[in-house]
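1. Can you look at this prediction? I've put the sequence above it.
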Amino acid sequence: MAHDGTAAGSAAQLSVRAVLLGIVLAALMAAANTYLGLFAGMTVASAIPSAVVSMAVLKLFGGGGILEHNIVQTGGSAGSSTATGVIFTAPAFVLLGYWTHYPYWWIYGFAALGCVLGVIFTVPLRRALIIDQKLRFPEGTAAAEVLRAGDHPGRGARLLAISAVIGGVLKLLAANGLRLIPDSTVWAGYFGRSILYLGNNVSAAMLGVGYICGMNVGVVIVAGGVLAFDVILPLYTHFWLAGNAELSAATATLSAVDAAGLIWSRQIRYVGVGTMLIGGLWTLFSIRTAIVSSLRAAVSATRRLASGGQIDERERDLPLRVMIIGTILCTIPLFLMYHSVVGSLSVSIPMTLAMIVLSFVFCAVSAYMTGLVGGSNDPVSGMIIASILAGSAMLLLLTGGDATLGPVAAVMIGAATCCAVCVASDNLQDLQCGHLVGATPWRQQVMLAVGAMTSAFVLAPILNLLQNAYGIGIADAAHPHPLIAPQAVLISAVARGLFGGSLPWNMVIVGVAIGAAMIVLDEWLRRGGSGLRAPVLAAAVGIYLPLEVTMPIFLGGCVAWLAGRRSRREHHGGPETFAGRGMLYAAGLIAGESLMGVVIAIPIVLSGRADVLALPEAWQPGATAGNLLGVTLFMLVGWALYRVATRER
């Protein structure tokens, strides 16, 4: 029953203006999250910003009902989930040397077909998880509250616009733009044979990510960064660097900052690989009961859906025949893509079947976990690693351990699976929002599929643009500071390593040990009823990212904690009393910087010069003045975020 009493069948939902606005927002959110995910290894949900923009924009065209706004947020949210599925896997093909660029139709195929499968595979779960089990789906519930409380949509849209401009301007001033401030302020120094390292990225987007993630996650992420750069790195340079003749010679003439970066990229970051591996496997083991429950719910719901009968509009999902036809239509092109690479039916058919089975299982797991703990805590990385491991085990037998073909084929299985899993989480969040406001489920499912297919159109051009402007995953002479793309680098390393490639296994084993210790700590905190947790995958991300990237995430979490503390003290509410404005402001910072990163890449690629936007050297401040200006601006953005989050009106 719709909570607001709206009859889904009597109000506009899939109106032309709602669909068009949803498509536009999906493309924008896909572009922003592509940059953000490659830069920091995480993306942010776009449902709430899309809802706010919808309420403001449709008001200019005579208003819009809550169900139209719900359709817009459903379409807009598809952009972030589609981008996530692609950026976690597609760069791995380039890193493996299979692609030299991002071919348009391959990227579109994996994104569009995988995401549509994700929508289809989660249709049977809607009734089981949302109505029968009444799971929380926190982001979907929050989006519904935003839609219901949309009395002043223009105010929220203005807040988003202002913060987006701030985030964009800060990015424009930095090293790839006008070069008035550096991207990061870093320091490193030798203490005997050890190197110590400190740093902070002047990134409004990372500050916003930290605010959205919160203090607990921010602390764990930065703790992983400090462990990597100020514990493992000094130990490595003191005790083991001399034993690595090649790396020792390469760092002999470098500054402490450059030496630390090189050692981290070649050795220390693989500690994060080991931590991610055990973290992903442990996460799947720890939710084994939830996996069984979600699969049982899927089977039960499918049987109920097939039984037919009269159904209220607010309970009407896509028909079973549409789901079957859609699955076939998506599977055939994916099979042809696989076969064009492996050239053998005895390999391409099992690859296709493995992709279908893994996608269905992990879509159910993703949907269930999202309902329990929210999309931000959905262990997508763990599920994709598990799918790569399963696919690799099968392909080792089918290809005879072919070290050239095997890793590529394994990542191909993971690419479609990842897109399906990412959109599965998003689908259930959107359907929860729709359930609370009285929407028709099948219309949302269609809109999510449309949003995913249309946002997939922009991903290949954006990936090629970012590759040519910044580099992705691997540093080279042209791109000494590339976008990190941590998940894709991890996936390519795991796939290559399983087929006989070389990995610094000693570092991976250290990471496994650290991950095991984190798991024990987290279990101890959980059983003790502590409000703090130590999620192992958050620590793994912290180890794997440069310290200067994790530091602003931690600082954003501090801002969220301080704002929540003031809210509780002065207004006897919870930290949610002012969370809405803070979340919108943080989302704007993220969108503004990310979109500006894409915009800046255009003149860089067209001119072939990384400094095409830079001001004349005479106008640029020196290193000290630039660092001081960058830190000052960053602190002002953080102060503004705190003020917005704690302002009563």
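-> Cool, the structure landed.

2. Could you list the low-pLDDT ranges of the stretch 151-300 of the chain?
-> Along the stretch 151-300 of the chain, segments meeting pLDDT under 70 span 151-154, 280, 283-284, 287, 290-300.

3. Helices of that one, start to end?
-> Read by DSSP state H, counting those that start in this stretch, the stretch 151-300 of the chain holds these helices, from start to end of the chain: 153-173, 204-213, 215-227, 233-239, 245-251, 256-263, 269-286, 288-306.

4. do the same with the stretch 451-600 of the chain
-> 486-498, 505-527, 536-544, 547-571, 579-607.

5. now, of those helices, which is deepest in the fold?
-> Sort the helices of the stretch 451-600 of the chain by mean neighbour count, taking mean count of other C-beta atoms under 10 Å, and helix 536-544 sits at the top with a mean of 29. Using the backbone N, CA and C atoms, a C-beta is placed for each residue, glycine as well.

6. Can you list the low-confidence ranges for the stretch 451-600 of the chain?
-> Under the criterion pLDDT under 70, the flagged ranges of the stretch 451-600 of the chain are 501-502, 568-580.

7. CA atoms only: put stretch 395-406 into PDB for me.
-> Once side chains and other backbone atoms are set aside, the C-alpha atoms of stretch 395-406 remain, and they are given as PDB (Å, rounded to 0.1, in the frame of the first residue of the first chain):
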ATOM      1  CA  LEU A 395      39.300 -21.600 -17.700                       C
ATOM      2  CA  LEU A 396      42.500 -23.200 -16.300                       C
ATOM      3  CA  LEU A 397      41.000 -26.500 -17.200                       C
ATOM      4  CA  LEU A 398      39.300 -25.400 -20.500                       C
ATOM      5  CA  THR A 399      42.300 -23.500 -21.900                       C
ATOM      6  CA  GLY A 400      45.100 -25.600 -20.500                       C
ATOM      7  CA  GLY A 401      46.400 -22.700 -18.500                       C
ATOM      8  CA  ASP A 402      46.800 -20.400 -21.500                       C
ATOM      9  CA  ALA A 403      48.600 -17.400 -19.900                       C
ATOM     10  CA  THR A 404      47.600 -15.100 -22.800                       C
ATOM     11  CA  LEU A 405      44.000 -16.000 -23.300                       C
ATOM     12  CA  GLY A 406      43.000 -17.200 -19.800                       C
END
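
8. Give me the residues contacting that stretch.
-> Contacts of stretch 395-406 with the rest of the structure, by C-beta atoms under 8 Å, 6 or more residues apart in numbering, involve 341-342, 346-347, 350-351, 392, 409-410, 495-496, 498-501.

9. how about those, which pair is most distant?
-> Between all members of the contacts of stretch 395-406, the longest pairwise span (C-beta to C-beta) is found for S346 and G501 and amounts to 24.1 Å.

10. So if I had to pick from these two, which one is more boxed in?
-> G501 (15 against 9; other C-beta atoms under 10 Å).

11. since we're on the residue lying closest to L615 once chain neighbours are set aside, how many residues are nearby?
-> With sequence-adjacent residues excluded and distances taken as C-beta to C-beta, 6 or more residues apart in numbering, L615 is closest to L178, at 5.2 Å. With neighbours defined by other C-beta under 10 Å, the count for L178 comes to 16.

12. so what's the backbone phi/psi at L178?
-> According to degrees, to the nearest 10, the main-chain angles of L178 amount to phi -80, psi -20.

13. if I look at it, how far off is G497?
-> Remark: distance between L178 and G497 (C-beta to C-beta, to the nearest Å) = 42 Å.

14. what does V450 give?
-> 39 Å.

15. What of F61?
-> According to C-beta to C-beta, F61 stands 54 Å off from G497.

16. Check Y368 too.
-> Counting by C-beta to C-beta, the gap between Y368 and G497 amounts to 30 Å.

17. Pretty sure G210 sits against M551.
-> No - when contacts are counted by C-beta atoms under 8 Å, G210 is not listed as touching M551 (9.2 Å).

18. quick one on the thing from earlier: switch the helices of the stretch 151-300 of the chain over to JSON lines; also include distance to A563 and mean neighbour count.
-> Listed next are the helices of the stretch 151-300 of the chain as JSON lines, based on distance: least, C-beta to C-beta, whole Å; neighbours: other C-beta atoms under 10 Å:
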{"stretch": "helix 153-173", "distance to A563": "15", "mean neighbour count": "20"}
{"stretch": "helix 204-213", "distance to A563": "8", "mean neighbour count": "28"}
{"stretch": "helix 215-227", "distance to A563": "10", "mean neighbour count": "23"}
{"stretch": "helix 233-239", "distance to A563": "33", "mean neighbour count": "19"}
{"stretch": "helix 245-251", "distance to A563": "42", "mean neighbour count": "14"}
{"stretch": "helix 256-263", "distance to A563": "34", "mean neighbour count": "20"}
{"stretch": "helix 269-286", "distance to A563": "30", "mean neighbour count": "24"}
{"stretch": "helix 288-306", "distance to A563": "33", "mean neighbour count": "15"}
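
19. Would you map the helices across the stretch 1-150 of the chain?
-> With DSSP H, counting those that start in this stretch as the criterion, the stretch 1-150 of the chain has helices spanning 16-40, 47-59, 66-87, 90-95, 104-122, 125-126, 138-148.

20. Tell me the gap between the last one and the middle of its chain.
-> For helix 138-148, the distance between its averaged C-alpha position and the chain's averaged C-alpha position is 20 Å (C-alpha atoms, centre = their mean, to the nearest Å).

21. Give me the buried stretch members for it, please.
-> Residues of helix 138-148 classed as buried under the neighbour-count rule (16 or more other C-beta atoms under 10 Å) are 138-140, 142-147.

22. Then stretch 639-649?
-> Neighbour-count burial for stretch 639-649, counted by 16+ other C-beta under 10 Å, picks out 640-642, 644-646.

23. Likewise for stretch 54-61?
-> Neighbour-count burial for stretch 54-61 flags 54-58 (criterion: 16+ other C-beta under 10 Å).

24. try stretch 93-106
-> Residues of stretch 93-106 classed as buried by neighbour count (16+ other C-beta under 10 Å): 93-96, 98-99, 102, 106.

25. who's in contact with M355?
-> M355 is in contact with 334, 338, 413, 416-417, counting by C-beta under 8 Å, 6+ apart.

26. Would you mind measuring from it to A540?
-> Using C-beta to C-beta, we find M355 at a distance of 25 Å from A540.

27. Same question for V94.
-> Going from V94 to A540 by C-beta to C-beta gives 23 Å.

28. now L398
-> With distances defined as C-beta to C-beta, the gap from L398 to A540 amounts to 30 Å.

29. Next: H238.
-> H238 is 24 Å from A540, by C-beta to C-beta.

30. How about R581?
-> Between R581 and A540 the distance is 32 Å, computed by C-beta to C-beta.

31. Pretty sure R316 sits against T440.
-> Yes - under the contact definition of C-beta under 8 Å, R316 touches T440, with a separation of 6.0 Å.

32. Who has more neighbours out of the two?
-> When R316 is set against T440 and neighbours are counted by other C-beta under 10 Å, the residue ahead is T440, at 23 against 15.

33. List the contacts of the residue nearest to L615.
-> Residues in contact with L178, defined by C-beta under 8 Å, 6+ apart, are 172, 613-615.
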